[in-house]
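J.: please work out how this folds:
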Amino acid sequence: MLKFATVLVWAVASAFALFVITLPISVQSQLIAVLLVLSVMVILKFLDLGGRWRLVALALGTAVVLRYVYWRTTGTLPPINQIQNFIPGFLLYLAEMYSVFMLGLSLFVVAAPLAPRPSRAQEASDRFPSVDVFVPTYNEEPGLLANTLAAALQMDYPSDRLKVWLLDDGGSLQKRNSEHAGEAQAAERRHRELNALCDELGATYLTRERNEHAKAGNLNNGLKHSTGDLVAVFDADHAPARDFLLETVGYFDEDPRLFLVQTPHFFLNPDPVERNLRTFDRMPSENEMFYGVIQRGLDKWNAAFFCGSAAVLSRAALTESKGFSGLSITEDCETALELHSRGWNSIYVDKPLIAGLQPATFASFIGQRSRWAQGMMQILRYRFPLLKGGLSLPQRLCYMSSTLFWLFPFPRAIFLVAPLFYLFFDLEIFTASGGEFLAYTLTYMMVNLMMQNYMYGRFRWPWISELYEYVQTVHLLPAVVSVALNPSKPTFKVTAKDESILYSRLSELSLPFFAIFFVLLLGVAATAWRVYAEPYRADLTLVVGAWNVLNLLLAGCALGVVSERGTRAQSRRVKVARRGEVVFGETVLPATIEDVSVGGARVRVFGTLPAEAADQAPATLRFRPAGSSEFSGLPVILRSFRQEADGATLGVSYATSETSEHFLVADLVFGNSGQWRDFQLSRRRNPGVLRGTLWFYWLCVFQTYRGFVYLVRGSTAKRTAARQGRLAGQP
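T.: Numbers count the residues shown, from 1 in each chain. This is a model prediction of the structure:
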């Protein structure tokens, strides 16, 4: 009876919604109705009621979106006999319908995501399953690997139930026997160095004969040589906190069909967008929307998927699927899709338990995103989640949302050029008056912004998604087209890690962004000319011109993104508060360690600095590692100091000479996951749609200016270098 009543309520509600959406009303009535809906959404947001009221607000917004879709479909498409208008007009219509469809999938996934799971670290357990920790590597430096391995070995877990493996694909037999003598020597040297590193730390080194199936093949080789009940996977630059296993392995006791416990990826350094715009310390990172909201939404539908690192997997599940899937270059999502289709379950734990490094240069960032986009397109082509057997309907929709998202370069490119069809070529690809644009299109955009703010407010500020999509579109569009034409073409490429940019410069990928900006600027000039020459169409021209100006603002902000700021240290310092002491020769000064990074620390010392405390002076930083009552000493070099009333603030860099000292670095930087969570929470505030929009537009103007400053500097530097070269060549 209850089920019948529920179906009846949904049927009546759907019929009423359909009636409202298709109701013929005047432009003025449409404008008033949407403004009323917006007012209700704003009031509900201001009152912060949450729960069902959040769903009510999203439902009201959805009605406005569907009303817009009905209007776009029935009243705005150019006549099909005007082929020059219809083709670009229909492409724009498809781009908008893609956006609406993805909004619908997003609503399904995250309208009511699961609340974060409570911590498991304090719960007692009478069973500790054996765990193999895999750290796959290809070309990463030994120092970076030493920190990750040391952090993994220091996890709070019975040592006899934990084994850490370094899976080295850079020292494989195939590479050591390469016909290129230099490559063979480098691989042999790497093989010896990493073998010795693992021996000194207490990890197990493993390589293989041939580099087949990239990361998936490397992980599967690890499976063949290990026996643990569970497998934890960390990327080479993803160092775990001490409580990683305590927070994750207990879930496998509760569900014998659990194959995955995934945790978020937290990064110590900003990505190129954050670094160049200087937003890392005050705005949530791009990946926080995915890990803070979307993965929790996927978790609700048992569709949280493996993200390649910071996860624990069941060996039994991997044995059933014959290991990690390697058909695509995104083996993580593909493996999860396969195991979900076999009836296995996944869990997402929303607590940062690892700290890693992001690509520092814009070129590396684009390379990473190209791999993700191409891999997801391969999954869409080879696996097609909607028709994949064994998945529930919600799981099918969730995987379709995750894969179809990477088609965004197509609609984003169309939105960029669409206004220019009218401004440059007088093509009417959108049949509507200025008043209709205001009543339908502009209000639809406002409602869309409000809905995004409801779903992702504290995790994604207004217009930031549009910026990230635009800066990726320019280079991802050909990458996605190539995999659509030849899905087997893409190959796995390792993302560069631990990069630094010593000097400010324009990215090597910046040229297309300046070209696009100048084309859009011509569109502004065309708008002004058309308003002057055709005053009777001024309302429509101004609307299209405003759209072009919005694109111009995004393009201008992108100029700042590709203007790489020079900085030696890519890793942000994390605030800590640990007692210790600094030793200069015979002088011992009590100290407080205030912040740390993978390269150094800031230390507040109390007392008078000795004479030997000069620039580049060696010293020893002493502190108590977790679980120890005794001080241990870490060699450091004094890089800077500032006198204080009762002492000094020192900037020091680590000077590790012994392998064992990496355990101290790992303890300082990676041991406490709480410090990462605190940093994330400090950035998670919602500026609101209006204030967030105003801030973003100011950012766009400033970054446009900065982009041209870099362009002028670069041009001047090139002319100077060319002049000096000519002078040097004169007799």
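J.: may I have the phi/psi pair for the spatially closest residue to residue 241 that is not a sequence neighbour?
T.: Computed as C-beta to C-beta, 6 or more residues apart in numbering, the closest residue to residue 241 that is not its neighbour in sequence is residue 673, at 3.5 Å. (Each C-beta comes from the backbone N, C-alpha and C, glycine too.) Main-chain torsions, residue 673, degrees, to the nearest 10: phi -70, psi -20.
J.: burial measure for residue 673, as a count.
T.: 23 (other C-beta atoms under 10 Å).
J.: tell me the contacts of it?
T.: By C-beta atoms under 8 Å, 6 or more residues apart in numbering, residue 673 lies in contact with 241-244, 351-353.
J.: so where's the protein shaky on pLDDT?
T.: Scanning the chain with the threshold set as pLDDT under 70 gives 1-14, 16-17, 19, 121-126, 490-500, 568-572, 717-731.
J.: centroid residue for it?
T.: Nearest to the mean C-alpha position of the chain, by C-alpha atoms, centre = their mean, lies residue 287 at 3.1 Å.
J.: am I right that it is in contact with residue 273?
T.: No - taking C-beta atoms under 8 Å as the definition, residue 287 is not a contact partner of residue 273, at 11.5 Å.
J.: residue 204 and residue 168 touch, don't they?
T.: No - the pair residue 204 / residue 168 is not scored as a contact, 10.9 Å apart, by C-beta under 8 Å.
J.: so these two - more neighbours on which side?
T.: Neighbours per residue, other C-beta under 10 Å: of residue 204 and residue 168, the larger number sits with residue 168, 27 against 17.
J.: if I look at the nearest residue to the more buried one once chain neighbours are set aside, how far off is residue 323?
T.: Counting by C-beta to C-beta, 6+ apart, residue 207 is the residue found nearest to residue 168 once chain neighbours are left out, at 4.6 Å. For residue 207, the distance to residue 323 (C-beta to C-beta, to the nearest Å) stands at 17 Å.
J.: more neighbours: which of these two?
T.: Set side by side, residue 207 and residue 323 show more neighbours around residue 207, with 24 against 19, by other C-beta under 10 Å.
J.: contacting residues for residue 650?
T.: Here residue 650 is in contact with 582, 602-605, 638, 640-641 (C-beta under 8 Å, 6+ apart).
J.: confirm it sits in a strand?
T.: Yes - assessed with DSSP: H, G, I helix; E, B strand; the rest coil, residue 650 lies in a strand.
J.: ok, back up a step: buried subset of the contacts of residue 650?
T.: 582, 602-605, 638, 641 (16 or more other C-beta atoms under 10 Å).
J.: out of the residues you listed, the closest to residue 139 would be?
T.: Closest to residue 139 out of the buried ones among the contacts of residue 650 is residue 602 (31.1 Å), distances taken as C-beta to C-beta.
J.: hang on, isn't the closest one packed against residue 591?
T.: No - contact criterion C-beta under 8 Å: residue 602 and residue 591 do not qualify, at 10.4 Å.
J.: thinking again about what came up before, just the contacts of residue 673: which are in helices?
T.: residue 244 (DSSP state H).
J.: what are the ranges of the strands in the stretch 601-731 of the chain?
T.: With strands called from DSSP state E, counting those that start in this stretch, the stretch 601-731 of the chain shows them at 618-623, 632-644, 647-654.
J.: to residue 79, which of those strands lies closest?
T.: Of the strands of the stretch 601-731 of the chain, nearest to residue 79 by C-beta to C-beta is strand 647-654, at 69.0 Å.
J.: buried sites along the closest one?
T.: For strand 647-654, by 16+ other C-beta under 10 Å, it's 647-648, 650-652, 654.
J.: find the helix or strand that residue 211 is a member of.
T.: Using DSSP states H and E, residue 211 sits within no helix or strand.
J.: which of the strands of the stretch 601-731 of the chain sits closest to residue 467?
T.: For the strands of the stretch 601-731 of the chain, the distance to residue 467 is smallest for strand 647-654, at 33.4 Å, taking C-beta to C-beta.
J.: listing partners with orientation, what would you give for that closest one?
T.: Partners of strand 647-654 in the sheet, by DSSP bridges, are strand 600-606 (antiparallel), strand 632-644 (antiparallel).
J.: that strand to strand 618-623, inter-axis angle?
T.: With axes from the mean of the first three to the mean of the last three C-alpha atoms, to 10 degrees as the basis, strand 647-654 and strand 618-623 are set at 100 degrees to each other.
J.: alpha carbons only: can I get strand 647-654 in CSV?
T.: Extracted as CSV, the C-alpha positions of strand 647-654 are listed here (Å, rounded to 0.1, in the frame of the first residue of the first chain):
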residue,chain,number,x,y,z
GLY,A,647,65.1,34.5,20.2
ALA,A,648,64.7,34.1,16.5
THR,A,649,62.7,32.5,13.8
LEU,A,650,64.7,30.2,11.6
GLY,A,651,64.2,28.8,8.1
VAL,A,652,66.0,25.5,7.7
SER,A,653,66.2,22.9,5.0
TYR,A,654,66.8,19.2,5.7
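J.: now do that strand: distance to the chain's middle.
T.: Centroid separation for strand 647-654 versus its chain: 33 Å, with C-alpha atoms, centre = their mean, to the nearest Å.
J.: and stretch 439-455, by the same measure?
T.: From the chain centre to the centre of stretch 439-455 is a distance of 24 Å (C-alpha atoms, centre = their mean).
J.: what comes up buried for it?
T.: Those would be 439-444, 446-455, for stretch 439-455 by 16+ other C-beta under 10 Å.
J.: same check on stretch 100-111?
T.: By neighbour count with 16+ other C-beta under 10 Å, stretch 100-111 contains the buried residues 100, 102-103, 105-111.
J.: sort out for me which of the residues you listed are in strands.
T.: Judged by DSSP state E, the buried residues of stretch 100-111 include no members of strands.
J.: from these, which is closest to residue 511?
T.: Checking those one by one against residue 511 (C-beta to C-beta), the nearest turns out to be residue 102, at 30.0 Å.
J.: my guess is that closest one meets residue 400, correct?
T.: No - at 9.8 Å, residue 102 and residue 400 do not qualify as touching, with contact defined as C-beta under 8 Å.
J.: quick one, domains of this protein?
T.: Per automatic domain parsing, the structural domains of the chain span 131-360, 574-672.
J.: export those domains to TSV and tack on distance to residue 58?
T.: What follows is the domains of the chain, written out as TSV (distance: least, C-beta to C-beta, whole Å):
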stretch	distance to residue 58
domain 131-360	13
domain 574-672	36
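J.: of those, flag the one that's most buried.
T.: Highest mean neighbour count of these: domain 131-360, a mean of 21 (counted as mean count of other C-beta atoms under 10 Å).
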